[in-house]
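In: please find the sequence and the predicted model below.
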Amino acid sequence: MNTTVLEPKLEKTMTNNSTKSYASKIKNVTVIGSGTMGNGISHVFAQHGYKVNMMDVSQAALDRALGTISKNLDRQIAKASLTEDDKQATLANITTFTNLKESLENADIVVEAATENIDLKNKIFEEIDMYAPEHCILATNTSSISITRISSHTKRMGKVIGMHFMNPVPVMKLVEVINGFATDRATTNTVVELSKMLGKVPCVVEDYPGFISNRILLPMINEAIFALQEGVAGVEEIDTIMKLGMAHPMGPLQLADFIGLDTCYSIMNVLHMGFGNQKYAPATLLGNMVQAGRLGVKSGEGFYKYTPGSKELVVSERFKNNKWEH
């Protein structure tokens, strides 16, 4: 990690304790993407008083995201962790945009939360770098893609960093902070401090395929899918064993549905290509399900069937009778 060239504003905060830190000066946040992660990240920043520009190419997607944020705030109110006034203040802090350039005006930090696709992220970062203010930090919520590779598409590699929130963002405490090879120490320190200001626990890791969270988690999920594919056990058995035997709150197959099978498949491919080791090859069943559009919760069916308004966990017909029907 390069620590020799520090952006003047950031360097000053590290050498003079009487100077207000850059993290505490951040007021304006742009979040790129309004899907599950994007709206969750927007929710958390807005709830903590930041002015959030939530950007997506679709106004309909942005409207759905605002609806999701409103519902999640209502859940917090029901648990007495938030008031109605807090909810309205949070929503008032969010402005939606379909124009990237306009969304980046006055941004102090950008958090990109678009689809887990390297070509898309590279293109987005080229454009962010073009329009974002010079002082702006460029963060990505990628769950597996190389920070160094993404940063190479900008002219400010020292200010590019991974800020990997966990799903659901308003609930999960961890932020995996990932240094690219050229990330400045000041950028890292700023994002660590900012994460703490959001009530999160930051853990700093280096740029390696899957980082730490998904390097460990996704091979376990993939192995569970292999076990199902090979007929070793059924969906319910695999998930029950991991929940009751290993004290996991959610079984690996249910968790895969929750993450999104397309995302799981993408991450396994990153691990497979990054390490060049066959043990990281995604299960054939996983690839087939993605090709068939069975993506889990987001599509209404994966290993389980999801009915709007129902909390009952029902195994997909495809996987009943304790085996994968070839």
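Out: Yes, it's here. Numbers count the residues shown, from 1 in each chain.
In: check which helices and strands the helix or strand harbouring Glu176 sits against.
Out: If you go by DSSP states H and E, Glu176 is part of strand 174-179. When contacts are defined as 3 or more CB pairs under 8 Å, 6 or more residues apart in numbering; DSSP states H and E, strand 174-179 sits against strand 160-165, helix 185-197, strand 201-206. Glycine gets a C-beta too; all of them are placed from N, C-alpha and C.
In: most neighbours per residue, which of those?
Out: Across the helices and strands packed on strand 174-179, averaging neighbours per residue (mean count of other CB atoms under 10 Å) puts strand 160-165 on top, at a mean of 26.
In: now the angle from that strand to strand 201-206?
Out: Strand 160-165 runs at 140 degrees relative to strand 201-206, counting by axes from the mean of the first three to the mean of the last three CA atoms, to 10 degrees.
In: who does strand 160-165 pair up with?
Out: strand 137-140 (parallel), strand 174-179 (antiparallel) (DSSP bridges).
In: so where's the protein shaky on pLDDT?
Out: The model of the chain has pLDDT under 70 over residues 1-19, 322-326.
In: hmm, back to that, out of the strands paired with strand 160-165, deepest packed?
Out: strand 137-140 (a mean of 27).
In: could you point out which element follows that one?
Out: Counting by DSSP H and E, what follows strand 137-140 is helix 147-151.
In: so His48 is in contact with Gly199, correct?
Out: Yes. Using CB atoms under 8 Å, His48 is in contact with Gly199, at 7.3 Å.
In: give me the common contacts of those two.
Out: Counting by CB atoms under 8 Å, 6 or more residues apart in numbering, no residue touches both His48 and Gly199.
In: neighbour count for these two, which is higher?
Out: His48 (15 against 11; other CB atoms under 10 Å).
In: next, the contact list for the more buried one, please.
Out: Going by CB under 8 Å, 6+ apart, His48 touches 197-199.
In: run the last query once more with 6 Å
Out: Neighbouring residues of His48 by CB atoms under 6 Å, 6 or more residues apart in numbering: Leu198.
In: for stretch 77-90, how far is the first residue from the last?
Out: 12 Å (CA to CA, to the nearest Å).
In: check stretch 274-290 too.
Out: Using CA to CA, the distance between the terminal residues of stretch 274-290 is 21 Å.
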